[in-house]
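Peer 1: Provided below for reference: sequence and predicted model.
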Amino acid sequence: MRSKLEWVAAEVVEVRQVAQDVRQIELMSQAPLPRFEPGSHTNVRVEIAGGSTTRAYTCLPAPAGRIRIAVKRHENSRGGSRFMWGLEQGMAISVTLPENRFELSWRDAPRLLVAGGIGITPIYGMASALDERSAPFRMVYGGKNRRSMAFADELQARLGGRLALFAADEGARIDLPGEISALPDDGELYVCGPIAMLDAAKAAWLAAGRPVSRLRYEVFGDSGTFAEAPFQVEVARRNVLVDVRPDQTLLEALTGAGVDMVYDCQRGECGLCAVDVVAADAEIDHRDVFFSPEQKREGKRMCACVSRLAGGRAVIDVGYRPPG
């Protein structure tokens, strides 16, 4: 089960380095593109290990008829970033029309924008749009070092004192409770970054007694507590044992082994691909935003599209019932 995707042909028209491990790729669509808002994303058809699959990337501000994305090269890439970094000007590629699951509200309210690492991509578009409208906002942006922080210089020149940069190698950390405390009572918070940043932001927001309806967030699915390691899953009542490589998701391994799965977003947001964890001899590395912190601590379910084990083996139930 997938959401309906409308694919269009596109051509790579520009590739340029925008940070130490981030490349901006500009695509020209062969079909008319609808107007899309900040926070939108496009799916890209990528070739990995001789097969075709999709990866989702946030759409950056771009000229009409074009799509710009920024791709971080990951050391433990599942293949998507390696493929994208191999693109060159003139190459053909298939993408979907942009859709938005991380919308920027246009109500009259001050906003706090928080970005971590490659989570800058939707926040960059939001900051640009708010700046163009002279809307009140503050932006904070953290990364491991200045060289890895895409668009930091451009944003600093444009936003001035409305932007604060925090580089970990300089000993700087974002004070989320402090930032939230300084936000007016009717303010909104938008966050995109690694799962630890998102969890901290949600906890600080709730601790401050802020309404959940004014917190919006997105997380990139490769962000976890543990480094990617191989693990095994036994599928209950199916007599199937599946090996999951470090460079693939549990969902990819299951479907590749012929296990029928229901799924949609592949971003850890919708929960359709969730499986029951019957037993596990290693910790579950939850990388989704679907389950609550309490559900994650219970360890009874996991989203197969992004979450994984920190090694070892587990028995899972995908809801299969034998015929008869």
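Peer 2: That came in fine, so what should we check first? This is a predicted model, so every value here is computed, not measured.
Peer 1: residues in contact with the nearest residue to C192 once chain neighbours are set aside?
Peer 2: The spatially closest residue to C192, leaving aside those adjacent along the chain, is G119, at 3.6 Å (CB to CB, 6 or more residues apart in numbering). Heads up, the C-betas are built off the backbone N, CA and C, glycines and all. Neighbour list for G119: V191, C192, G193, P194, M197, E218, V219, F220 [criterion: CB atoms under 8 Å, 6 or more residues apart in numbering].
Peer 1: Assign a three-state SS to G119, would you?
Peer 2: Assigned by DSSP: H, G, I helix; E, B strand; the rest coil, the conformation of G119 is helix.
Peer 1: What score does the closest residue to S94 other than its chain neighbours have for pLDDT?
Peer 2: Leaving out its chain neighbours, the residue that sits closest to S94 by CB to CB, 6+ apart is R45, at 4.2 Å. R45 is assigned 92 on the pLDDT scale.
Peer 1: ok, R45 touching V8?
Peer 2: No: with contact defined as CB atoms under 8 Å, R45 does not count as touching V8 (10.8 Å).
Peer 1: shared neighbours of these two, anything?
Peer 2: The contact sets of R45 and V8 overlap at S94, V95 (CB under 8 Å, 6+ apart).
Peer 1: Compare the contacts of G119 and tell me which has the most neighbours.
Peer 2: The most neighbours of any of these, using other CB atoms under 10 Å, belong to C192, which has 28 neighbours.
Peer 1: For the helix or strand harbouring it, name the packing helices and strands.
Peer 2: Using DSSP states H and E, C192 falls within strand 188-193. Contact partners of strand 188-193 among helices and strands, from 3 or more CB pairs under 8 Å, 6 or more residues apart in numbering; DSSP states H and E: strand 111-116, helix 120-132, helix 195-207, strand 215-219.
Peer 1: closest one to R101 among the ones you listed?
Peer 2: R101 lies closest to strand 215-219 among those, at 7.4 Å (CB to CB).
Peer 1: Tell me which strands that closest one pairs with, and in which orientation.
Peer 2: As defined by DSSP bridges, the strand partners of strand 215-219 come to strand 188-193 (parallel).
Peer 1: Could the C-alpha coordinates of the strand it pairs with be exported in CSV?
Peer 2: This file holds the C-alpha atoms of strand 188-193, laid out as CSV (Å, rounded to 0.1, in the frame of the first residue of the first chain):
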residue,chain,number,x,y,z
GLU,A,188,5.0,28.2,17.1
LEU,A,189,7.9,25.8,17.0
TYR,A,190,9.2,24.1,13.8
VAL,A,191,12.0,21.5,14.2
CYS,A,192,13.8,19.2,11.8
GLY,A,193,16.9,17.3,12.8
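Peer 1: any residues touching it, and which ones?
Peer 2: With CB under 8 Å, 6+ apart, strand 188-193 has contacts from 102, 104-105, 107, 109-117, 119-123, 126, 142, 180, 183, 197-198, 201, 205, 210, 214-220, 223.
Peer 1: Next one, pLDDT for the residue nearest to C192 please.
Peer 2: pLDDT recorded at G119 is 95.
Peer 1: likewise F36?
Peer 2: 92.
Peer 1: Tell me how many other residues crowd it.
Peer 2: 18.
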